[in-house]
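Asker: Build me a structure from this.
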Amino acid sequence: MVLKEFGEYFFEFCKRSGYDHMLRTLGGNLYEFIENLDALHSYLSLSYQEMNAPSFRVEKNEDGSMHLHYYSDRRGLYHIVPGIIGAAAQDFFNIEISMEIVNQMEEEERTGKKEHIVFLVTQNPVLSYKERKKFSCSPQCHADSEKQTDPQLNNKKSENTIRGGSVCPVKKSHWKTIRGIITLGRGKLLRGFDPVYPKTLWIDTKTFCNGLPFHMVFDKELRVKQAGVSIQKIVPGLQTMGICLDHYFSIVHPEVPFTISSIQKFINSQFVFQTKREMMPESWKQRPMLELRGQMIWMESLQCMLYLCSPLLRTLHELEERQMHIADIAPHDVTRDLILLNQQRLAEMELSNQLERKKEELRTEALLYAMLPQHVANQLKEGKRVEAGEFKECTILFSDVVTFTNICAQCEPIQIVLMLNSMYLQFDRLTTVHDVYKVETIGDAYMVVGGVPVPVSTHAERVANFALGIIIAAKGVQNPVSGNPIQIRVGIHTGPVLAGVVGEKMPRYCLFGDTVNIASRMESHGVPSKIHLSSSAYQCLKYKNFEMTERGEIEVKGKGKMHTYFLIRNKTACENEIMGRPIKDLDSGRESTCLNFQQELSGEVYNATPLLQSGASHFCLCVCGRSKAF
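Answerer: As a prediction, this is how the structure comes out:
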């Protein structure tokens with residue numbers, strides 16, 4: 001039951017995957033649909049060369065039922081077949097079927113001992129309640145049907161009869177058939193088609209062999225009676241009429257013995273022949289062997305089999321490997337189109353793969369640039385060795401979360417991850433705003449540097465503004481234990497460092513020297529929500545419009561007594577500027593990116609910051625010539 005349900009689901013899945021129209025056009029009834037499943041699998045194998053599809057063979061019975069022969073390498077999955085076939089019958093042909101296993105065996109005729117299951121398929125039309133009532137299969141129904149004159153009802157009965165059911169067969173007179181044909185919009189010309197054949201064949205032998213360059217005619221003993229010109233060119237032995245076909249070819253699909261009885265049994269299947277290497281000329285034995293694919297037609301009057309085939313080629317490369325040309329294939333043969341269309345598809349796939357590879361390279365570059373400075377990453381990409389560099393002066397910042405160990409002890413790991421991610425996303429954005437380099441993060445510790453890897457004179461100011469920004473940002477991150485904003489400690493120190501790339505697997509751009517140690521000590525000896533400065537950092541910021549207060553002399557582990565300071569604020573920048581947010585002009589509503597409210601006019605300095613701090617909700621700076629006004 002599970003496998004049958006899976007078969008029904010698989011049929012719906014194939015429809016949703018874009019194969020709906022392809023499946024619908026396989027045949028006009030269930031018999032034709034099943035008969036052409038192998039052809040569909042053969043076509044799909046051009047794209048999915050590793051596909052190992054099952055094989056189907058169907059036989060009609062006199063009572064309208066069918067025997068479905070199912071062959072597969074995978075044992076035990078045959079219960080999927082009733083699900084697939086039943087769903088197709090219901091969806092495409094509006095009939096319900098029942099399938100029961102009448103035989104189960106190891107297929108002796110097929111190599112590889114494939115599983116062979118024979119299903120008996122019986123089908124009944126799906127009729128409405130009125131139709132079932134009117135057309136129940138009773139003697140009275142047959143009597144009444146002949147008296148029925150309603151043309152629409154006749155059409156319904158005709159459709160029911162055509163769709164393979166045994167429901168109320170209606171025998172029409174010759175004149176009724178003619179009237180049905182000539183009635184506009186209601187004719188059944190195609191369904192009642194009866195072909196007409198000429199008394200003699202109006203085609204000569206030479207034209208036939210040239211027009212169908214890939215065909216062979218052979219008798220019951222497999223002796224070749226006739227062959228097309230192109231196949232003679234590829235298999236020179238066929239020019240000797242009367243040779244045995246199985247000396248030059250082996251059957252690849254279906255996997256049956258090379259006998260006329262086996263071929264007749266699977267005559268509705270597509271046959272794939274492959275040339276035998278030992279029968280080819282010596283100079284050709286390095287080529288890949290040619291495969292032919294086509295259908296078998298039994299000619300009863302001649303007691304011979306006609307094999308109409310085409311070369312089984314997928315790409316121009318395969319054509320060239322066999323030293324063949326497009327001209328060798330008949331113009332009417334769709335193999336030409338398949339080769340060119342598949343070549344176009346392969347070209348499109350290669351282009352898509354190139355784009356995908358380029359996308360992966362860009363992703364790799366983006367990841368590399370996120371891990372290393374750009375000029376260092378470029379050197380590594382070029383295979384160059386990155387030499388360590390000495391920087392005479394830079395500013396290093398360390399930060400960590402206050403009581404982080406206690407928070408970890410009282411929270412789930414995912415809460416810690418979410419908290420740190422929320423905080424670090426804001427910190428990372430601020431590194432871009434203030435153009436400082438993020439060295440690394442270790443747990444809750446965050447390290448940045450200014451003036452490395454590109455030396456700049458404003459390294460201390462950049463790091464100081466970054467520090468003010470992360471203090472503000474931390475207020476927006478929630479402590480998962482208390483629900484209050486988290487607190488961070490920040491330490492800054494200025495001094496010389498040595499910098500270079502360490503390691504080959506996940507290489508890191510690392511800083512070395514006592515400056516790193518002192519910056520770390522400034523952070524560990526700091527105060528929550530304060531920015532702790534060493535004396536050297538204080539000296540760099542002393543005349544740069546920063547407000548700082550003296551902490552005094554403290555005992556620093558491993559360093560003894562040190563005089564330190566606290567950074568309070570930037571006197572010339574508001575919070576939006578520190579955080580990199582757009583600043584709106586309150587009068588016009590326009591956004592400004594000005595980073596400094598301090599304006600120097602005619603030698604005098606006017607500072608807007610005190611006015612803002614005093615609680616004023618609105619101010620405007622106007623400059624007209626040499627006049628100044630607030």
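
Asker: Could you pull out the buried residues of stretch 225-241?
Answerer: Gln226, Ala227, Gly228, Val229, Ser230, Ile231, Gln232, Ile234, Val235, Gly237, Leu238 (16 or more other C-beta atoms under 10 Å). Every C-beta, even on glycine, is put in place using the N, C-alpha and C of the backbone.

Asker: Please report the distance of Gln478 from Arg581.
Answerer: In this view, Gln478 and Arg581 are 21 Å apart by C-beta to C-beta, to the nearest Å.

Asker: The two: which is more packed in?
Answerer: Neighbours per residue, other C-beta atoms under 10 Å: of Gln478 and Arg581, the larger number sits with Gln478, 16 against 12.

Asker: mind listing what Val448 touches?
Answerer: Contacts for Val448 were tallied using C-beta atoms under 8 Å, 6 or more residues apart in numbering; they are Ile396, Leu397, Thr431, Val436, Tyr437, Lys438, Val439, Val463, Phe466.

Asker: Apart from its neighbours in sequence, what residue is nearest the fifth one?
Answerer: Leaving aside its chain neighbours, Tyr437 sits nearest to Val449 (5.3 Å; criterion: C-beta to C-beta, 6 or more residues apart in numbering).

Asker: which regions of the chain lie under the pLDDT threshold?
Answerer: 46, 106-113, 125-193, 584-630 (pLDDT under 70).

Asker: ok, the longest strand along it: who's next to it in the sheet?
Answerer: Longest among the strand segments of the chain by residue count, using DSSP state E, is strand 488-502. The strands beside strand 488-502 in its sheet (DSSP bridges) come out as strand 389-401 (antiparallel), strand 508-512 (antiparallel), strand 531-533 (parallel).

Asker: Return it as PDB; C-alpha atoms alone will do.
Answerer: Taking only C-alpha atoms (Å, rounded to 0.1, in the frame of the first residue of the first chain), the coordinates of strand 488-502 have been written out as PDB:
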ATOM      1  CA  ILE A 488      30.700  46.400  28.100                       C
ATOM      2  CA  ARG A 489      34.200  47.400  29.200                       C
ATOM      3  CA  VAL A 490      36.500  49.100  26.700                       C
ATOM      4  CA  GLY A 491      40.200  49.600  26.800                       C
ATOM      5  CA  ILE A 492      42.500  51.600  24.400                       C
ATOM      6  CA  HIS A 493      46.200  51.900  24.100                       C
ATOM      7  CA  THR A 494      48.500  53.500  21.500                       C
ATOM      8  CA  GLY A 495      52.000  52.200  20.600                       C
ATOM      9  CA  PRO A 496      54.100  50.200  18.100                       C
ATOM     10  CA  VAL A 497      53.200  46.700  16.900                       C
ATOM     11  CA  LEU A 498      54.400  44.000  14.500                       C
ATOM     12  CA  ALA A 499      51.700  42.600  12.200                       C
ATOM     13  CA  GLY A 500      51.600  39.600   9.800                       C
ATOM     14  CA  VAL A 501      49.700  36.600   8.500                       C
ATOM     15  CA  VAL A 502      49.900  33.500  10.700                       C
END
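
Asker: For that strand, what is the distance to the chain centroid?
Answerer: 45 Å (C-alpha atoms, centre = their mean, to the nearest Å).

Asker: Buried residues, that strand. List them.
Answerer: Of the residues in strand 488-502, those buried by neighbour count under the rule 16+ other C-beta under 10 Å are Ile488, Arg489, Val490, Gly491, Ile492, His493, Thr494, Gly495, Val497, Ala499, Gly500, Val501.

Asker: Check stretch 283-292 too.
Answerer: For stretch 283-292, the buried set under the neighbour-count rule, 16+ other C-beta under 10 Å, comprises Trp284, Leu290, Glu291, Leu292.

Asker: contacting residues around that stretch?
Answerer: By C-beta under 8 Å, 6+ apart, the surrounding residues in contact with stretch 283-292 are 214, 231, 234-235, 249, 252, 272-277, 280, 307, 309-312, 318, 321-323.

Asker: Generate a PyMOL selection restricted to the buried entries among the residues you listed.
Answerer: Filtering the contacts of stretch 283-292 down to the buried ones (16+ other C-beta under 10 Å) takes a single PyMOL command:
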select buried, resi 214+231+234+235+249+272+273+274+275+280+307+309+310+311+312+318+322
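
Asker: So in that sheet, which strands flank the helix or strand hosting the residue nearest to Tyr437, and in what orientation?
Answerer: Take DSSP states H and E as the rule and Val449 turns out to sit in strand 445-450. When pairing is defined by DSSP bridges, strand 445-450 lines up against strand 389-401 (antiparallel), strand 437-442 (antiparallel).

Asker: tell me which residues in it are buried?
Answerer: Residues of strand 445-450 classed as buried by neighbour count (16+ other C-beta under 10 Å): Tyr446, Met447, Val448, Val449, Gly450.

Asker: As TSV, these with distance to His116 would be great.
Answerer: Putting the buried residues of strand 445-450 into TSV (distance: C-beta to C-beta, whole Å) gives the following:
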residue	distance to His116
Tyr446	69
Met447	71
Val448	72
Val449	74
Gly450	78
